[in-house]
Structures are given as structure tokens and as C-alpha cells.
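Enquirer: Here is my input; please provide its structure:
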Amino acid sequence: ACLHPPGILVFFFRWLLEAELETSDENMPEIDQVMMIIFRTLTPILMAMSMKTMLDKLVMEIISEKESKMMIVQQVNGLPPWIYWLSYLTYFALTTIVPTLVWTIQLLGTAFEGSGFFA
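Expert: So this is what the prediction gives:
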């Protein structure tokens, strides 16, 4: 019988957990080891998904701008194109700085705690 994709993922994560628990620090409680493994596994996935979400949003905004032709309206009114694109840059810089700061604080408070990251 062939394993379907969720079965393969369960098998993979069970194998990863057992392998990590065999090689991890014996002084650390097992629940902390499990949480560290889950955090190390899911953090890159969540970060990649959040970047993809922001890029999708950017593409959707540009497409909707092409449909509404707002840039042409602003050019007709005498606005240079660089001001329009600067507003896009400012908007997306502000909307990404908040999640970036939250992730940074979370990583510094959990994964990098006691690692001497700033030492």
C-alpha cells in the first residue's frame, strides 16, 4: 500500500523528532526539546509563507492599479511617476516592518535566548 502525502509527513516528522531527541541535550527536559524541534522546523516554513503572502499582496495591488489606471490620472494632474512608486514603497515598508519586528522579538526571546547573540 502506498502512503498518501499526509501519511508521509507524519512519518517524516515522527522520524525527525526521534532522531533529534536521540542527539539532543540530556539535561534539558523532554518537553523543551520537543518544543525546540517544533520551533526550528516551523519557523522557516512560516517565514517563507509570510514573505509569499506579502509578495502576493504586492502583485495584487499592482494589478488593481493597472485596472484602475490611478498612475495615469496622477500623471495627468502633474505628479511625477517616482512619487507614485515612492508611495508604494512606503506603504509596503510600513506594513512589513511590524511583522518583522514581532518575529525578531519572538526569535530573540525564544530561540536566541541565552545564546550570546548580542555578546
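
Enquirer: contact partners of stretch 91-110?
Expert: Here stretch 91-110 makes contact (Cβ atoms under 8 Å, 6 or more residues apart in numbering) with F39, T43, M47, S50, M54, L58, F117. In this view, the C-beta of every residue, glycine as well, is placed from N, C-alpha and C.

Enquirer: Excluding chain neighbours, what is closest to the fifth one?
Expert: What it means is M54. Nearest residue to M54 in three dimensions, chain neighbours excluded: T96, at 5.8 Å (Cβ to Cβ, 6 or more residues apart in numbering).

Enquirer: And that neighbour, how close does it get to F13?
Expert: 30 Å (Cβ to Cβ, to the nearest Å).

Enquirer: repeat for I97
Expert: Using Cβ to Cβ, we find I97 at a distance of 33 Å from F13.
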